[in-house]
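# I'll drop the sequence and a predicted model, then ask my questions.
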Amino acid sequence: MSQYQKPFDKIKNIKGFTIKKDFSFTAISFFTLTLFMGIGAWVELLIFPYFPFEGIVLLSIFVLAAALVIMILPLWLTVMSIIIIMWIMTLGYLSPYLFPLAIFATVGLLIASGVQLVQHWDKVIVLRMGKFKKVHGSGLMFLIPLVDRIAQFIDMRIRATDFSAEKTLTRDTVPVHVDALAFWMIWDAKKAILEVENYTEAVILSAQTALRDSIGKHKLSSLLSDREELGKAIQQSLDAKTNPWGVTILSVEITEIIIPKELEDSLSKQAQAEREKESRIILGAAEVEIAKKFTEASKEYANDPVALQLRSMNMIYEGIRQNNSMMLLPASILDHMDIGAVLGTAAIQKTQEANIPKKKNQSEATSKTQRDEE
């Protein structure tokens, strides 16, 4: 047994046992069968009015219980098996006089199994004698018993599928784990069923392959900064592959990129160092600007010592007022910041400036008098 098992261990996508179905036995099907059973019981009582009612009840219960089996195994083989068992039970154990009810039960089982309800967002692939017949849209439809079967119900709405690439190396040999999300939909139900066995699995596996291939072509820095461009590249590559299957990829979004812890710490330190470098550059540029302004201010103060003394006094006052504390200053500084001296100097300077025109006028008048005397 191990010799046969080893070759299959290497195959990851071995299909497990799945139950196929030829139709869908829904609540409408059950209602249709119940309607036929009611009409059959009424006809039975019309033909054989004195027949015991217990036989009708037993046969009806058997058929309705068989409908539950058909819900679990919706195959034409299941329907035919139940019909054969019902006739054997009717003719061999109950009574041959129940044949009217048995006939209606047979027709009801076949018609109820053929009545199908397709939802608004679904499409149905119908096969007739194993060949493609048509694609049926939403609404009620009827299958020819034993001839038609439903290949699959196809949901035409947009789907969101998550996929990932684990331990994939980037272009600069950094192992990363990338999670992504794909939005896709089926635009041709016929191709999705007839061209590929399992379109959902095919889309997921193709998306993982495209993601791994794209990661291998990019460096880690581009993966972290250009997620949108990476998603567009994966979407275009994946859409070109899935279009022949009747599937279109609307968009691919990178949701998470996980890198090793050691590399994450080093990248964090690198980013911190770069931010500190930028802050130092900005601080140095600010110091240069401040130095230029101080140079300009020193030129202005050099020509006006009174303004410089007033500025010094204002700086001391602002420092005391803002800090709300006591400031210790050398005693000699008061000689340079004497308010009276400063104000007196300013007053003398203004008086001198005012007297200059007067002296000029007096000198001009004196010179004119001298000229007149001569």
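Ah, there it is.
# residues near Asp148, how many?
Neighbours of Asp148 under the rule other Cβ atoms under 10 Å: 20. C-betas here are computed from N, CA, C, even on glycine.
# give me the pLDDT value at it.
Per-residue pLDDT puts Asp148 at 92.
# so it makes contact with Arg128?
Yes: Asp148 lies in contact with Arg128 (Cβ atoms under 8 Å); the separation is 5.3 Å.
# which neighbours do these two share?
Counting by Cβ atoms under 8 Å, 6 or more residues apart in numbering, Asp148 and Arg128 have no shared contacts at all.
# C-terminal to the helix or strand of the chain with the lowest mean pLDDT, what's the next element?
In the chain, the helix or strand scored least confidently by mean pLDDT, DSSP states H and E is helix 2-9, which has a mean of 43. Sequence order places helix 27-47 as the next helix or strand after helix 2-9, per DSSP states H and E.
# show me what that following helix packs onto, helices and strands only.
helix 53-72, helix 99-114, strand 115-118 (3 or more Cβ pairs under 8 Å, 6 or more residues apart in numbering; DSSP states H and E).
# any idea which of the ones you listed gets closest to Ile47?
Nearest to Ile47 among those is helix 99-114 (5.6 Å), distances taken as Cβ to Cβ.
# any idea how many residues pack against the closest residue to Met37 other than its chain neighbours?
Spatial nearest neighbour of Met37, excluding adjacent residues (Cβ to Cβ, 6 or more residues apart in numbering): Ser60 at 5.3 Å. Ser60: 18 surrounding residues under other Cβ under 10 Å.
# could you do Asn243 as well?
14.
# go on, Thr242?
There are 22 residues near Thr242, going by other Cβ under 10 Å.
# out of the helices and strands packed on helix 27-47, deepest packed?
For those, the largest average neighbour count (mean count of other Cβ atoms under 10 Å) is found in helix 99-114, namely a mean of 21.
# which strands and helices lie in contact with it?
Against helix 99-114 (3+ Cβ pairs under 8 Å, 6+ apart) you get helix 27-47, helix 53-72, helix 76-89.
# using CSV, list the CA coordinates for it.
Taking Å, rounded to 0.1, in the frame of the first residue of the first chain, the C-alpha atoms of helix 99-114 are listed here in CSV:
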residue,chain,number,x,y,z
PHE,A,99,-51.8,2.3,-7.8
PRO,A,100,-53.5,5.7,-8.5
LEU,A,101,-51.6,7.3,-5.6
ALA,A,102,-48.4,5.5,-6.6
ILE,A,103,-48.8,6.9,-10.2
PHE,A,104,-49.2,10.4,-8.9
ALA,A,105,-46.3,10.0,-6.5
THR,A,106,-44.1,8.8,-9.4
VAL,A,107,-45.0,11.7,-11.6
GLY,A,108,-44.7,14.1,-8.7
LEU,A,109,-41.1,12.9,-7.9
LEU,A,110,-40.0,13.3,-11.5
ILE,A,111,-41.6,16.8,-12.0
ALA,A,112,-40.6,18.1,-8.6
SER,A,113,-37.0,17.1,-9.2
GLY,A,114,-37.1,18.9,-12.6
